[in-house]
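>>> missing the sequence, but the structure's below:
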């Protein structure tokens, strides 16, 4: 048996998220279909995280095992030839049996783009949230810095859909860094967060909360209050998915062969 790691980039606009769903196009489903054609085996592809419908990726990571004799380079070349152009295999390498895209992950970086200009250029409308209205960006930066560290992010997470599961799950997460910056052309405001792991909709709720801070509906000090409240109805709205991209996933290095 051989083991492979894929680094995957995709435009999530036309897909129902990462996770395989019956009768709906998904990133995982598209890649699995091609892998099964190439290997003539039933292939299980594990992902580092489940991006939602409309969310993009530059550095999603997948892993699978196979008895195929194809090399990593041949898998990359064949996948890119057969996948839709909205999904690209940016890298492929053979790894050891201990590597798992999800369980070997030690951190993820996400980025959310807010377009601040009056008119969104048509080339980027799929990848930004248009928000041309006034914002207090200094208070937003203050609030963003308060996401760093180990906190209970229950107020910033969507429900699992099950009250029992919601009670059972841990909502504590560690964020290594969080910053809000203007791009050099001053047209975009970009939120980048680096953390150990994330809850469902967490980054989009964090951005919605920062927008409420910028609009004066919340203050930076309210971030600490939201940790204590553990009530997602008190934080900002869940912003639309198109501005979000999974930038990179960091893994342990011990799996390399």
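Cool, the structure landed. Everything numeric here is computed off the predicted structure, so don't read it as measured data. Numbering: from 1, shown residues only.
>>> can you give me the helices in this protein?
27-39, 72-82, 137-145, 163-168, 202-214, 222-229 (DSSP state H).
>>> which one of those helices lies closest to residue 184?
Nearest of the helices of the chain to residue 184, taken as CB to CB: helix 137-145 at 15.3 Å. C-beta: built from backbone N, CA, C; applies to glycine.
>>> What score does residue 257 have for pLDDT?
If you check residue 257, the pLDDT there is 47.
>>> so who does residue 67 touch?
Contact partners of residue 67, counting by CB atoms under 8 Å, 6 or more residues apart in numbering, are 1-2, 39, 41.
>>> that older thread, identify whichever of the helices of the chain lies nearest to residue 112.
Proximity to residue 112 (CB to CB) singles out helix 202-214 among the helices of the chain, at 4.8 Å.
>>> list the contacts for residue 145?
Per CB under 8 Å, 6+ apart, neighbours of residue 145: 178-179.
>>> Would you mind measuring from it to residue 220?
To residue 220, residue 145 is 8 Å away according to CB to CB, to the nearest Å.
>>> what about this structure, any weak spots by pLDDT?
Within the chain, the stretches with pLDDT under 70 are 160-168, 253-257.
>>> all strands for it, in order.
Secondary structure of the chain (DSSP state E): strands located at 2-10, 46-47, 56-66, 87-95, 105-115, 129-130, 149-152, 172-182, 188-195, 244-251.
>>> Including distance to residue 22 and mean neighbour count, could the ones you listed go into CSV?
CSV is the format used below for these (distance: least, CB to CB, whole Å; neighbours: other CB atoms under 10 Å):
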stretch, distance to residue 22, mean neighbour count
strand 2-10, 20, 22
strand 46-47, 18, 20
strand 56-66, 20, 22
strand 87-95, 19, 18
strand 105-115, 27, 20
strand 129-130, 30, 19
strand 149-152, 35, 14
strand 172-182, 31, 16
strand 188-195, 31, 20
strand 244-251, 24, 22
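>>> which stretch among the ones you listed comes nearest residue 237?
Residue 237 lies closest to strand 129-130 among the strands of the chain, at 11.3 Å (CB to CB).
>>> picking up where we left off before, can you say which of the contacts of residue 67 are buried?
Listed as buried from those are 2, 39; burial here means 16 or more other CB atoms under 10 Å.
>>> Next, count neighbours for the residue nearest to residue 213 when sequence neighbours are not counted.
Excluding the flanking residues, the one nearest residue 213 by CB to CB, 6 or more residues apart in numbering is residue 143, at 4.4 Å. Residue 143 is flanked by 24 other residues according to other CB atoms under 10 Å.
>>> quick one: contacts for residue 143?
For residue 143, the contact set (CB under 8 Å, 6+ apart) comprises 209-210, 213, 218-220, 222-223.
>>> Of those residues, just the buried ones, PyMOL syntax please.
Buried members of the contacts of residue 143, defined by 16+ other CB under 10 Å, are picked up in PyMOL with:
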select buried, resi 209+210+213+218+220+222+223
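>>> Show me which of the contacts of residue 143 is closest to residue 118.
Distances from residue 118 to the contacts of residue 143, taken by CB to CB, are shortest for residue 210, at 21.2 Å.
>>> Residue 115: which of the helices of the chain is closest?
Closest among the helices of the chain, using CB to CB: helix 202-214, at 13.0 Å.
>>> Tell me which residues are up against that closest one.
110, 112, 114, 129, 131, 135-137, 139-140, 143-144, 147, 153, 155-158, 173, 178, 180, 191, 193, 218-220, 222-223, 226, 232, 235-241, 243-244.
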